[in-house]
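Participant: here are the coordinates; sequence isn't available:
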Ligand code: CTP
């Protein structure tokens, strides 16, 4: 479950920091990719060398490294990298900063740049854990959706006995696993996702293609795999690397994509056609490279490709079909027609009129069109759009 998961451990100044050595080791053993950020006071409790050795990654505690003058740790990059950040132990000081947003060290800068869930395992002495500010701060974190692992009770470093101990590493590990073991309706479902452009050959060296980058389809495939679906990603030519835990099939032309979709469709639960499939292909592919002549090349005769989605709409049994559409005018009206004509359950509508949407960008603004409702969305990263699409799909399967 944790294989390939990117876990960012934040360590703050508390004696419980030594327990994170065990947690780091266990996470790495389970296949997680672990990186560690420490506050300056955490350095008094455990050494970065220990954690760097166990995590197999450099440990960061400051923006700028003393040894490599001019190199700086990019907190935004770390914040965007993680699938989950766990601050353990979380001292009373860091807890307070999490609530106020005070940003006076690298760990806090990373927190403010996070785009993944945050888990916090507080640790402090008895009176501190009972203090009204601590109680209030923890409640605020819970209200904000932070996953708070409440204190354990027992012997404390001060010799007092009571509430304040950090949860044991195995309990934190269990909570991390639970976080990734989301209850999803898509778990175990076979989801076929198409992505990228198709290339229709004119001659051995030329083709008709389009600007689709494949980013949207790859993001959908990755998110579906993350939710436990068995994903088959059928991709046209792209430079994107294959997300973890899915089967990738590379194709070039619309015909090849059609053949591979047909192969998988009958056993699939869902088909998401996010590929920009060519609507036309050359009638004849020249066997030799077409030579430049004295006259203009007047025309290349084209014929329609098979509409893959329309075919699947005709033959579908219980499969859920999701199509994409790029419209430039009468968007909703055209999208509704497409939904009906192709027998789709959901249509993801892009409008070329929206800035930041469409080919090549990392963002997209889409509207979901269903038979009975229309759901507009804000401009978002393609990763977030993928999540939104799959949230809707959870209700359709
Ligand atoms: N599609 C397909 N097979 C094709 C062409 C498109 O499966 N040969 C799929 C695309 O993957 C997408 C949807 O159909 O999910 C797009 O529908 P389409 O009617 O082709 O939309 P447009 O290309 O926008 O068509 P038009 O130009 O007619 O509006």
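Facilitator: Noted; the coordinates are in hand. Nothing here was measured: the structure is a model prediction, and the numbers come from that model.
Participant: now the strands: where do they sit in the stretch 251-397 of the chain?
Facilitator: 270-273, 280-282, 302-304, 320-327, 346-351, 363-364, 366-369, 374-376, 380-381 (DSSP state E, counting those that start in this stretch).
Participant: find me the pLDDT at the closest residue to the ligand within the stretch 1-150 of the chain, would you?
Facilitator: Here the stretch 1-150 of the chain gets closest to the ligand at one residue, residue 115, 27.5 Å apart by Cβ to the nearest ligand atom. The C-beta positions use only the backbone N, C-alpha and C, and glycine is treated the same way. Here, the pLDDT recorded for residue 115 equals 86.
Participant: use 702 as the first number for this chain going forward.
Facilitator: In the new count, where the first residue is 702, that last one comes out as residue 816.
Participant: where does the stretch 702-851 of the chain dip in pLDDT?
Facilitator: Along the stretch 702-851 of the chain, the parts satisfying pLDDT under 70 run over 766-774.
Participant: show me where it has its helices.
Facilitator: Ranges of helices in the stretch 702-851 of the chain, per DSSP state H, counting those that start in this stretch, are 720-730, 749-756, 776-782, 793-801, 807-813, 827-831, 833-844.
Participant: how near is the residue with the largest distance to the centre of the chain to the ligand?
Facilitator: Centroid-distance maximum for the chain: residue 995 at 52.5 Å, with Cα atoms, centre = their mean. Relative to the ligand, residue 995 is positioned 36 Å away (Cβ to the nearest ligand atom, to the nearest Å).
Participant: and the residue nearest to residue 704 when sequence neighbours are not counted, what does it touch?
Facilitator: Using Cβ to Cβ, 6 or more residues apart in numbering and skipping residues adjacent in sequence, the residue nearest residue 704 is residue 732, 3.5 Å away. When contacts are counted by Cβ atoms under 8 Å, 6 or more residues apart in numbering, residue 732 touches 703, 704, 705, 706.
Participant: in ChimeraX, how would I select the buried members of the residues you listed?
Facilitator: The buried residues among those can be selected in ChimeraX (16 or more other Cβ atoms under 10 Å) with this line:
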select :703,706
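Participant: relative to the ligand, how far out is the closest residue to residue 1032 other than its chain neighbours?
Facilitator: Leaving aside its sequence neighbours, residue 1032 sits nearest to residue 1052 (Cβ to Cβ, 6+ apart; 5.1 Å). According to Cβ to the nearest ligand atom, residue 1052 and the ligand sit 11 Å apart.
Participant: which residues of the protein lie near the ligand?
Facilitator: The chain comes close to the ligand at residues 955, 974, 976, 978, 980, 1006, 1008-1010, 1024-1027, 1039, as judged by Cβ under 6 Å from any ligand atom.
Participant: and those residues as TSV, adding neighbour count and pLDDT?
Facilitator: TSV is the format used below for the residues of the chain next to the ligand (neighbours: other Cβ atoms under 10 Å; pLDDT from 0 to 100):
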residue	neighbour count	pLDDT
955	24	98
974	26	98
976	27	98
978	24	98
980	13	97
1006	18	98
1008	17	98
1009	26	98
1010	26	98
1024	25	98
1025	24	97
1026	21	94
1027	15	89
1039	19	96
